[in-house]
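Trainee: okay, predicted coordinates and the sequence, questions at the end:
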There are 2 protein chains.
Amino acid sequence: MAKEKKKLRLVEPLADAETRIHDDHHLSVRLWLRMLACTNRIESAVRQNLQARFATTLPRFDLMAQLERAPQGLRMSELSQRMMVTGGNVTGITDGLEKEGLVIREVDPADRRVFYVKLSAEGQRQFRRMAVEHEQWVIELFQGISVKHKNQLVELLGEIKQQMQ
Amino acid sequence: MAKEKKKLRLVEPLADAETRIHDDHHLSVRLWLRMLACTNRIESAVRQNLQARFATTLPRFDLMAQLERAPQGLRMSELSQRMMVTGGNVTGITDGLEKEGLVIREVDPADRRVFYVKLSAEGQRQFRRMAVEHEQWVIELFQGISVKHKNQLVELLGEIKQQMQ
DNA sequence: AAATATTAATTGACACCTGAAGTAGTTCTC
DNA sequence: GAGAACTACTTCAGGTGTCAATTAATATTT
């Protein structure tokens, strides 16, 4: 213990010029861990709600949400991009939803490699019901945050998102 | 600035209050989606780096990071809490790390139900190496964001985190 | 002290997710 | 127009994650 500290102290003079950078190290890591913690908690809450209220999961909800915004249907590859997951994953989730009759795979006559995935009528109904509640959950989760702060967050996170293209 | 606020306060009829709520719906959902998008991208980058450089994974790194901060060792249940995952999950990750000789399960003679999980010497060495690079990755990912904005984000996300326990 | 409840960790079933390899259909190139 | 390259999707293996049920040890109750 004491040995460790001594060693660290010996190195300190060198690091001194870089104190600001060193602090930034900690700042960036701290920011990252906090982002992760927040996201995980919210995600976990949403996930539990989806399970409890609709016996479904976040990825399924997410896929259906993408389809709802694209009534003409989406290719598997487009779903993959928009959901930011791999193609193999989309195949699995789509299989599940198709088996439950919530989505449909339609072949493209012009290119028989391609599927267009669409919400079935039943899928549309179910998604609508879920979407309403989902919005409510998110609002409740963020209810303690002022509109001003929410806007600031959207702004700052936008900067990060842009930085990462 | 102050004038703006006053205006908003003066115009308080029903329609207006509805508008504010309606906007807030969108605002909250938008904020949530943006948080998720940012986190996913960063997480994905870190994950890829861990895989490419050290042939390991984020959960493993995360578990080792927890242990590094607690040289006396942690119970499975403590790990579970700190990592915000279920106990069964911790069992699996610990099994993997133990098999590779990076962590050790020590029985508590006072209560034979509990294990104290610790980093092995090899685990410590490996974690150190990973931690240095990991910090570097995070810093690079956030390099385009000013210190001021990072601090703001830490602050605002702290508010959210607090709001959610 | 025996019956009961509680607690710590594991197990098993199932879903998610990735990366790499495989299949089938399309396009390019000569 | 036949072979090579490319593209869309699927499959597979392996790690991650949840929940519910189980096992084993400890606490509590009577």
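Mentor: Cool, got the structure.
Trainee: could you report the neighbour count for whichever residue of chain A sits closest to DNA strand D?
Mentor: In chain A, the residue that lies nearest DNA strand D is A:G88 (2.6 Å; Cβ to the nearest atom of the strand). C-beta here means a position set from N, CA and C on the backbone, and glycine is covered the same way. When neighbours are counted by other Cβ atoms under 10 Å in any protein chain shown, A:G88 registers 9.
Trainee: same question for A:K148.
Mentor: Counted with other Cβ under 10 Å, A:K148 comes out at 9.
Trainee: helix or strand for it, just tell me which one.
Mentor: helix A:147-163 (DSSP states H and E).
Trainee: gap between that helix and the chain center?
Mentor: Its chain's average C-alpha position is 16 Å from that of helix A:147-163, according to Cα atoms, centre = their mean, to the nearest Å.
Trainee: also stretch A:51-60?
Mentor: Centre-to-centre, stretch A:51-60 and its host chain are 15 Å apart (Cα atoms, centre = their mean).
Trainee: what's the following helix or strand after the lowest-mean-pLDDT helix or strand in chain A?
Mentor: When the helices and strands of chain A are scored by mean pLDDT, DSSP states H and E, helix A:2-16 comes last with a mean of 39. For helix A:2-16, the following helix or strand on the C-terminal side (DSSP H and E) is helix A:19-54.
Trainee: ok, then the element right after that next one?
Mentor: Per DSSP H and E, the helix or strand that comes after helix A:19-54 is helix A:58-68.
Trainee: report whether that next one contacts DNA strand D.
Mentor: No - if you take Cβ under 7 Å from any atom of the strand as the test, helix A:58-68 misses DNA strand D, and the best it gets is 10.3 Å.
Trainee: check whether that helix comes near DNA strand C.
Mentor: Yes - using Cβ under 7 Å from any atom of the strand, a contact is recorded between helix A:58-68 and DNA strand C, made by A:L58, A:P59, A:R60.
Trainee: the last one touches A:I93, doesn't it?
Mentor: Translated: A:R60. Yes - in this structure A:R60 lies within contact range of A:I93 using Cβ atoms under 8 Å: 6.0 Å.
Trainee: return the residues of chain A in contact with DNA strand D.
Mentor: Close to DNA strand D, as judged by Cβ under 7 Å from any atom of the strand, chain A has residues A:44, A:48, A:51, A:75-78, A:87-88, A:90-92, A:94-95, A:105, A:111, A:113-115.
Trainee: how about a cut-off of 10 Å?
Mentor: A:40, A:43-44, A:47-48, A:51-52, A:57, A:73-81, A:86-95, A:98, A:105, A:107-108, A:111-117 (Cβ under 10 Å from any atom of the strand).
Trainee: just the buried residues from those residues, in ChimeraX please.
Mentor: Burial among the residues of chain A next to DNA strand D is assessed by 16 or more other Cβ atoms under 10 Å in any protein chain shown; the matching ChimeraX selection reads:
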select /A:73,74,75,76,78,79,80,90,93,94,115,116,117
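Trainee: mind checking which of the residues of chain A next to DNA strand D are in helices?
Mentor: A:40, A:43-44, A:47-48, A:51-52, A:76-81, A:87-95, A:98 (DSSP state H).
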